[in-house]
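S.K.: build me a model from this:
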Amino acid sequence: MNVNSATDTTGKSSSSTGTTSATSSNSVDYNTFLQLLVAEMKNQDPTNPMDTSQYMSQFAQLSTVEQAMQTNSKLDALLSSQSLSQANGLIGKTVSFTDSTGATFSGKVVSVSINSDGSIATLQDGTKVAVGPGLTISQS
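M.R.: Numbering: from 1, shown residues only. Have a look, this model is predicted:
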């Protein structure tokens, strides 16, 4: 098994094609962690096997990583649910906002779409408004 250093101590990088590409990632995902653990167990020295306490420590780390991933997925689901509830509460309300030119607009919200950037409210006249700071919401 060929394992390269995670850091370049020489400060130089080279490539056979004359171009370099760097991937900057300071985190190790779950699958990479699992692959490293399995590779370490497969390639340990049979005359000097891994200490049992180290082995159990690594399994505890694996369990912690798995639980953190499950927590993150549940938090994502909770945030999505909260976004939908907030979007539902905006429909039928009157909103007013000031755009970047200083013009003030107002209108009744007929629909709200949710994407990765946030919520976008569509007014009766077709104007799309980002739901966020600067938006005033009132009863119709």
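S.K.: got the contact list for the top strand by length along the chain?
M.R.: In the chain, with assignment by DSSP state E, the single longest strand is strand 104-115. Here strand 104-115 makes contact (CB atoms under 8 Å, 6 or more residues apart in numbering) with 80, 83-84, 87-88, 90-99, 119-125, 127, 129, 131, 140. Where C-beta positions appear, they are placed from N, C-alpha and C, glycine not excepted.
S.K.: now the buried members of these.
M.R.: By neighbour count, with 16 or more other CB atoms under 10 Å, those hold 83, 87, 90, 95, 97, 119-123, 129, 131 as buried.
S.K.: tell me which of those fall in strands.
M.R.: Going by DSSP E, the strands hold 95, 97, 119-123, 129 from those.
S.K.: TSV for the residues you listed, including distance to Ala39 and pLDDT?
M.R.: What follows is these, written out as TSV (distance: CB to CB, whole Å; pLDDT from 0 to 100):
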residue	distance to Ala39	pLDDT
Val95	55	88
Phe97	55	85
Ser119	44	83
Ile120	46	86
Ala121	50	87
Thr122	52	88
Leu123	56	89
Val129	52	85
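S.K.: which other helices and strands contact the helix or strand of the chain with the lowest mean pLDDT?
M.R.: Ranked by mean pLDDT, DSSP states H and E, the weakest helix or strand in the chain is helix 30-42, scoring a mean of 78. With contacts defined as 3 or more CB pairs under 8 Å, 6 or more residues apart in numbering; DSSP states H and E, the packing partners of helix 30-42 are helix 52-90.
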